[in-house]
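Enquirer: Here is a sequence with its predicted model. Questions after.
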Amino acid sequence: QVQLVESGGGLVQAGDSLRLSCVASGRTFSNYAMGWFRQAPGKGREFVAATGWLGRIVDYVDSVKGRFTISRDDAKNTVYLQMNSLKPEDTAVYYCAAAQQYSSLRSVVVDYWGQGTQVTVSS
């Protein structure tokens with residue numbers, strides 16, 4: 001079992017930045033690929049970013065490329081999502097997730113979910 005706890009969400013203005021953190025406990029963190037997802041009101045959960053073993057591979061949805069950066073610190077059992085140049089359409093609940101298969105993250109197939117943190121971007 002892996003427990004995931006996100007933090008760092010909040011209310012910001014368009015153009016601002018936020019850094020989300022997700023701390024994992026339980027099984028060996030470094031064994032898992034990690035991802036960030038988001039869900040806006042009335043919409044399905046969407047893949048945002050993923051990082052594989054040791055952070056050597058990363059992937060992003062096109063809408064956040066060049067603005068968001070995913071990273072991981074295995075010594076701290078933590079994965080981050082640095083979000084710059086935020087837009088109102090980035091408003092959503094952001095979820096952290098762990099998966100044994102890196103390739104499954106883009107398909108929103110994960111083994112463990114966090115509880116989510118709200119990000120609201122005003123125009």
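Expert: Structure received.

Enquirer: Centre-most residue in the protein?
Expert: Trp36 (2.1 Å; Cα atoms, centre = their mean).

Enquirer: what are the pairing partners of the helix or strand hosting that residue, and which direction each?
Expert: Under the criterion of DSSP states H and E, Trp36 resides in strand 33-39. For strand 33-39, the paired strands and their directions (DSSP bridges) are strand 46-51 (antiparallel), strand 92-99 (antiparallel).

Enquirer: Spell out the residue ranges of the strands in this protein.
Expert: Under the criterion DSSP state E, the chain carries strands at the ranges 2-7, 10-13, 18-26, 33-39, 46-51, 58-60, 68-73, 78-83, 92-99, 112-113, 117-122.

Enquirer: Show me what the shortest one is packed up against.
Expert: Which is strand 112-113. If contacts are counted by 3 or more Cβ pairs under 8 Å, 6 or more residues apart in numbering; DSSP states H and E, strand 112-113 sits against strand 2-7, strand 92-99. The C-beta positions use only the backbone N, C-alpha and C, and glycine is treated the same way.

Enquirer: so how far is the last one from its chain's centroid?
Expert: Taking Cα atoms, centre = their mean, to the nearest Å, one finds strand 92-99 lying 5 Å from the centre of the chain it belongs to.

Enquirer: Residues in contact with that strand: which ones?
Expert: Defining contact as Cβ atoms under 8 Å, 6 or more residues apart in numbering, one finds that strand 92-99 is touched by 2, 4, 6, 9, 20, 22, 24, 29, 32-40, 43, 45-46, 48, 79, 81, 105, 109-119.
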